[in-house]
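Student: No letters, just coordinates:
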DNA sequence: GGTGGCCGTAAGCTGCGCTGCATGCTTCAC
DNA sequence: GTGAAGCATGCAGCGCAGCTTACGGCCACC
């Protein structure tokens, strides 16, 4: 260090900081009325107490303890410092308690970002279970598409992003991805459709139908499935919302592939599992790695998995 | 130490205390957003910051800082601890400020115990000047005879005892005595007395008079003065209160010796200096020694001396 | 007048915590 | 693609804070 000593350093050396360990010693002396008794409580020798108090008096710039043959008693300055010491030590204890609450999920925050169709069943079920299990944790919920969700995690704006795949998210460098479940795509047909009576639908049988397809991020999910079945769907309508898509199907506009967790259950449509290839989207969570990640996020991941298991049976 | 390790100790070693110096480091990291910048502010090397934060995370039992290639960012636990750290450090600063106020007499308490006749002129004058000079200091006043005053100082119940001598106070072991002034004894005569026309009275001339004398602690003061003048006063009335004594004299009951600071100034009596031997009582303060003594007491001693000079001038 | 309890000082040793340097990683510029 | 810069981190080394032990002075009590 070649720099000249700054004013700050000079002041700091002239007025040394009050050492909290020594405040603890002062409190023990005040409580027990003698250096020897304080030493016994703190598992030190009386000599150590004497040195600590002397050092604290140097730091405080005042005599804090009146020594007598019958023990020790605090001076006015000592009483003042003792009062502040009680607050400081109490605050440190409060800090430790809150850290403990955080670790044990009795307190804290979870900021969750989820894609739109997650809100139809998975997220509500998980949030409800989470609130019941960890009532002390504050939940802050937001809707983000996968790309925005990952960006939010990277920016520190959210703790856990629920995403689906395939998506347009690029590299996950420095982040952690954990699979929640495989969400199977089911064929959705108008109630009177010729294939509506079948328990299972082959995707190739829908090759010639008019299609209602999702837009934007969800588009890839359906397109890949159809490509795997060997055809390119004839899209007559499209929407970014699976609810709207199912509405179009109910109106007889065409057929669709919809993730099971996004099904609405209207009686004007039928939803059927798809055989051959078992098309699905993957639902996963994105977080920062283990260390910096809050415990509230791990707990939410567990709850999300349980909710998915329950919903997908 | 043969005792087994107690639970408290085991817990203390398992959960080390949060070090306040490290909280300062955490705050700097939070403020500047990187270990390197925090190191620059605190005049440390980045390595030291890294080690301090690592140690603090061990103490806290949680990861506090999310390290990235673009700097560092606090985790939820880190933010919680940072919030508490702000309070703790603020409280320490407040403690230092209050100690400083105490040393500079902008705050604090002075507990003053004074003998009865001190209240007639000396103490009111001193208290008035003290309040004006140190308005931040709280004054707690009590009346105590010299013996009780010294006992109160010894017990820590008062900071400064105003006493007179001679008195019945024994050893002052471990206490400090400081003379405020010599308070001359004046002869007090009824307005029409045969010696009332003299500017100065010889004590021996009053040997044959009927006397009004003080009782208790003040008795010695008068008895010694008369003994020094070669006679034993013929006491016809006595009272513990110099005001009452002067009332008796005004009523013509006899003559008296009264300290000048206890004179009332009635026009039915005359007070005259005494020549030969210059009898007096000594007014002094009793305190604990220099170190433990609050600065408020030293200031009061100075004010008492000034007030005495002004009154006796 | 001895004895025990109190606090204070001196000497010595342990361990914390700093520096300095080298390393791995990422980002940016050319 | 490659070099330079910035960041965090691990390791060796060393200074110093702060503990213990030992001893002394002081006072009260027996």
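Tutor: Alright, I've got the coordinates. Note that the structure is a prediction, hence the values are computed from the model and not measured. Residues are numbered from 1 along each chain as shown, chains lettered A, B, ... in the order given.
Student: Going by C-alpha atoms from here, please, whenever you check contacts or count neighbours.
Tutor: Fine.
Student: and the nearest residue to residue A:138 once chain neighbours are set aside, how many neighbours?
Tutor: Of all residues not flanking residue A:138 in the chain, residue A:109 sits nearest, at 4.6 Å (Cα to Cα, 6 or more residues apart in numbering or on different chains). For residue A:109, the tally of surrounding residues (other Cα atoms under 10 Å in any protein chain shown) stands at 18.
Student: Does residue A:109 touch residue A:139 like I think?
Tutor: Yes - the pair formed by residue A:109 and residue A:139 meets the contact definition of Cα atoms under 8 Å, at 5.9 Å.
Student: tell me the pLDDT at residue A:1?
Tutor: Per-residue pLDDT puts residue A:1 at 33.
Student: same thing with the one 10 residues further on?
Tutor: We have a pLDDT of 40 for residue A:11.
Student: Equivalent analysis for residue A:311, please.
Tutor: Turning to residue A:311, the model gives it a pLDDT of 92.
Student: Please identify the helix or strand for the residue in the stretch 201-313 of chain A that DNA strand C sits nearest to.
Tutor: Using Cα to the nearest atom of the strand, residue A:289 is the residue of the stretch 201-313 of chain A that sits closest to DNA strand C, at 13.2 Å. Remark: residue A:289 resides in no helix or strand, with elements defined by DSSP states H and E.
Student: Nearest residue to residue A:78 in space, please, no chain neighbours.
Tutor: For residue A:78, the closest residue by Cα to Cα, 6+ apart turns out to be residue A:64, at 4.0 Å.
Student: With residue A:231 instead?
Tutor: The shortest distance from residue A:231 to any non-neighbouring residue, by Cα to Cα, 6+ apart, is to residue A:207 (6.0 Å).
Student: Now do the phi/psi pair for the one you found.
Tutor: Its backbone dihedrals place residue A:207 at phi -60, psi -40, with angles given as degrees, to the nearest 10.
Student: do you know how far it is from DNA strand D?
Tutor: Counting by Cα to the nearest atom of the strand, to the nearest Å, the separation of residue A:207 from DNA strand D is 43 Å.
Student: Report the contact partners of that residue.
Tutor: For residue A:207, the contacting residues are A:231-234, taking Cα atoms under 8 Å, 6 or more residues apart in numbering or on different chains as the criterion.
Student: How about residue A:284?
Tutor: Contacts of residue A:284 were listed using Cα under 8 Å, 6+ apart, and they are A:162-165, A:177-181.
Student: Just list whatever residues bridge to it.
Tutor: With DSSP bridges as the criterion, the beta-bridge partners of residue A:284 are residue A:163, residue A:179.
Student: before we move on, what about residue A:274?
Tutor: Using DSSP bridges, the bridge partners assigned to residue A:274 are residue A:201.
Student: Tell me how chain A divides into domains.
Tutor: When chain A is parsed into structural domains using automatic domain parsing, the resulting residue ranges are A:7-102, A:109-172+A:293-312, A:182-280.
Student: Any idea which of those gets closest to residue B:31?
Tutor: domain A:109-172+A:293-312 (16.0 Å; Cα to Cα).
Student: how near is the residue in chain A sticking out farthest from the centre to residue B:104?
Tutor: Among residues of chain A, the one most distant from the C-alpha centroid is residue A:69; the distance is 59.4 Å, by Cα atoms, centre = their mean. Summarising the geometry, the distance separating residue A:69 from residue B:104, computed by Cα to Cα, to the nearest Å, is 30 Å.
Student: now residue A:267
Tutor: The span separating residue A:267 from residue B:104 equals 84 Å under the rule Cα to Cα.
Student: So for the two, which sits in the more crowded spot?
Tutor: Using other Cα under 10 Å, the more surrounded residue of residue A:267 and residue B:104 is residue B:104, with 13 against 10.
Student: Show the model's pLDDT score for the residue in the stretch 151-300 of chain A that chain B sits nearest to.
Tutor: Proximity to chain B, evaluated over the stretch 151-300 of chain A using Cα to the nearest Cα, is greatest for residue A:292 at 5.4 Å. The pLDDT attached to residue A:292 in the predicted structure is 85.
Student: name the element it belongs to?
Tutor: Assignment of secondary structure by DSSP H and E places residue A:292 within no helix or strand.
Student: hang on, it packs against residue B:68?
Tutor: No - the pair residue A:292 and residue B:68 does not pass the contact test of Cα under 8 Å, sitting 10.8 Å apart.
Student: For those two, indicate the residue with more neighbours.
Tutor: Using other Cα under 10 Å as the criterion, residue A:292 and residue B:68 rank with residue A:292 on top: 21 against 10.
Student: Any figure for the gap between residue A:213 and residue A:230?
Tutor: In this structure, residue A:213 lies at 17 Å from residue A:230, with Cα to Cα as the measure.
Student: Give me the more crowded residue out of these two.
Tutor: For residue A:213 versus residue A:230, the count of surrounding residues by other Cα under 10 Å is larger for residue A:213: 29 against 12.
Student: ok, back up a step: the residue nearest to residue A:231 and residue A:226: what is the separation?
Tutor: Counting by Cα to Cα, the gap from residue A:207 to residue A:226 is 8 Å.
Student: Mean confidence (pLDDT) on the longest helix seen in chain A, please.
Tutor: Looking across chain A with DSSP state H, the single longest helix is helix A:76-103. Across helix A:76-103, the average pLDDT comes to 92.
Student: Give me every residue in chain A lying close to DNA strand C.
Tutor: Taking Cα under 7 Å from any atom of the strand, the part of chain A that reaches DNA strand C is made up of A:1, A:33-37, A:46-47, A:50-51, A:67-72.
Student: mind listing the helices for the stretch 1-150 of chain A?
Tutor: A:7-14, A:20-32, A:35-42, A:46-60, A:76-103, A:122-133, A:146-155 (DSSP state H, counting those that start in this stretch).
Student: hmm, which helix or strand of chain A has the shakiest average pLDDT?
Tutor: The helix or strand of chain A with the lowest confidence, counting by mean pLDDT, DSSP states H and E, is helix A:7-14 at a mean of 40.
Student: what would the helices of the stretch 1-150 of chain A look like in CSV with distance to residue A:256 and mean neighbour count?
Tutor: Below are the helices of the stretch 1-150 of chain A laid out as CSV (distance: least, Cα to Cα, whole Å; neighbours: other Cα atoms under 10 Å in any protein chain shown):
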stretch, distance to residue A:256, mean neighbour count
helix A:7-14, 70, 11
helix A:20-32, 68, 20
helix A:35-42, 74, 19
helix A:46-60, 77, 17
helix A:76-103, 45, 19
helix A:122-133, 21, 17
helix A:146-155, 22, 20
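Student: what would those look like in TSV with distance to DNA strand D?
Tutor: Below are these laid out as TSV (distance: least, Cα to the nearest atom of the strand, whole Å):
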stretch	distance to DNA strand D
helix A:7-14	11
helix A:20-32	8
helix A:35-42	8
helix A:46-60	4
helix A:76-103	17
helix A:122-133	32
helix A:146-155	16
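Student: how about those, which one is nearest residue A:306?
Tutor: Ranked by Cα to Cα, the member of these that lies closest to residue A:306 is helix A:122-133, at 7.9 Å.
Student: Give me every residue in the stretch 1-150 of chain A lying close to chain B.
Tutor: Proximity of the stretch 1-150 of chain A to chain B is confined to A:18-20, A:60, A:62-66, A:75-77, A:80-81, A:84, A:87-88, A:91-92, A:95-96, A:98-99, A:102-103, A:108 under the rule Cα under 8 Å from any Cα of the partner chain.
Student: before we move on, the earlier item: angle of the longest helix of chain A against helix A:20-32?
Tutor: Inter-element angle recorded for helix A:76-103 and helix A:20-32: 120 degrees (by axes from the mean of the first three to the mean of the last three Cα atoms, to 10 degrees).
Student: Between helix A:46-60 and helix A:76-103, find me the angle.
Tutor: Orientation note: helix A:76-103 sits at an angle of 100 degrees relative to helix A:46-60 (the same axes, to 10 degrees).
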